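Engineer: One predicted model, sequence on top.
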Amino acid sequence: MNHIWIHLKLLFVAAIWGLGWPAGRVLAEEMAPFAAAWTRYVVALVCFALLLSFTNNWVFPTRGEWKRITMIGFFSTVVYQAFFMFGMQYTAAGDASLMITFNPFFTALLAIVFLNERMNWRLGTGLTLGIIGVTILFLYSPNVDIPFNERALGDLLIAAAALSWACNSILMKKAMTTPAPDATESLSPLQLTVWSSVVGFLLLTPVVAVETMYVGWPDPNLYGWISLVFLAIFSTVISYVWFADGIKTIGAGKSALYVYLVPPFGILSGWLLLDEKLGVPLLISFVLIVGGVALAQSQQPLGEEAS
């Protein structure tokens, strides 16, 4: 019963992130992609500013840290949000919640190249299972009301979003573990997230201006605004704080287990809220992809427990 409140908060985080997929689908139908991302971060940055003020956690980055923060903001805010919003225009929320699970595979592969980590049989086997699961999702998704070419394009865009987030993860890991040459210590995850969001927001601004010149400023309906506020406040700010609290209290490994609950919440919320289809191929894809990710991320030989 220890830390039961932490476990409940992590369960809510998984549910919030799962609900983020149908919310993204609704928002993508109501707003142009870059305008949606830009407006989302307007709301999120206001919340982050209030959070930092409340916790008295303001730290201004050094020049060396700004270089890292700029790269993190580019991948996490600009590139990821672009692929996410464009992808959700074409594919189902449930399908997307499975495709994004490929992020750990991409992160592990990038870590081999840039962080000198080693390939092992768990990663190889897990990646194989994941690829089989994605193939089944591509070919036999029950969401046949979406044309195959649109759904395939959307799934590929979400996979690209997973790759961009993996790039962000590698950059974040390096920034948190290795201080910049002109800094005495590394910035905290919260500080990195807030400042990179600021940079990403600034980078998005001229893109939004050009987009608006061509398509005009969107006028979303009530459901569009609800989706945007949900993504900004709950999926971005509250979930981050609660997940970071979980990592601090019960550790990264145990907290990460709750991420495996995101696809089920995404699939079920897509079914309940958007009338998306359920089916055996979706279940098989889920088992293969999530099982592959779990195997790839396991650190102990089979049969051993984590200490």
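Structural biologist: Yes, it's here.
Engineer: To which secondary structure element is the spatially most central residue of the chain assigned?
Structural biologist: Centroid check for the chain by CA atoms, centre = their mean gives residue 165 as the closest residue, at 6.6 Å. Element membership for residue 165, per DSSP states H and E: helix 148-177.
Engineer: what inclination does the next helix or strand after that helix have with respect to helix 148-177?
Structural biologist: Next along the chain after helix 148-177, taking DSSP H and E as the criterion, comes helix 189-215. Interaxial angle of helix 189-215 relative to helix 148-177 (axes from the mean of the first three to the mean of the last three CA atoms, to 10 degrees): 140 degrees.
Engineer: Name the residues of helix 189-215 that come out as buried.
Structural biologist: 189-201, 204, 207-208, 211 (16 or more other CB atoms under 10 Å). Bear in mind the C-beta positions are built from the backbone N, C-alpha and C, glycine included.
Engineer: Now do it: which elements does it pack against?
Structural biologist: Packing partners of helix 189-215 (3 or more CB pairs under 8 Å, 6 or more residues apart in numbering; DSSP states H and E): helix 33-55, helix 63-73, helix 148-177, helix 239-250.
Engineer: nearest to residue 290, of the ones you listed?
Structural biologist: Taking CB to CB, helix 148-177 is the member of those nearest to residue 290, at 13.7 Å.
Engineer: Distance from that closest one to the middle of the chain?
Structural biologist: From the chain centre to the centre of helix 148-177 is a distance of 8 Å (CA atoms, centre = their mean, to the nearest Å).
Engineer: so where's this protein uncertain?
Structural biologist: 1-2, 252-253, 299-307 (pLDDT under 70).
Engineer: which residues does the spatially closest residue to residue 103 that is not a sequence neighbour contact?
Structural biologist: Leaving aside its chain neighbours, residue 103 sits nearest to residue 162 (4.1 Å; criterion: CB to CB, 6 or more residues apart in numbering). Taking CB atoms under 8 Å, 6 or more residues apart in numbering as the criterion, residue 162 is in contact with 99-103, 106.
Engineer: What separation do you get for residue 162 and residue 83?
Structural biologist: 8 Å (CB to CB, to the nearest Å).
Engineer: and the angle for the helix holding residue 165 with helix 63-73?
Structural biologist: Using the same axes, to 10 degrees: helix 148-177 against helix 63-73 is 160 degrees.
Engineer: mind listing what the nearest residue to residue 72 once chain neighbours are set aside touches?
Structural biologist: Closest residue to residue 72 apart from its sequence neighbours, by CB to CB, 6+ apart: residue 196 at 4.0 Å. Under the criterion of CB under 8 Å, 6+ apart, the neighbours of residue 196 are 69-70, 72-73, 76-77.
Engineer: Residue 39: which of those is nearest?
Structural biologist: Using CB to CB, the contacts of residue 196 come closest to residue 39 at residue 77, 12.7 Å.
Engineer: Surely that closest one touches residue 207?
Structural biologist: No - between residue 77 and residue 207 there is no contact under CB atoms under 8 Å: 11.0 Å.
Engineer: quick one: the residue lying closest to residue 171 once chain neighbours are set aside and residue 103, what's the gap?
Structural biologist: Distances taken as CB to CB, 6+ apart put residue 72 closest to residue 171, at 4.9 Å, once the chain neighbours are dropped. Applying CB to CB, the value for residue 72 to residue 103 is 15 Å.
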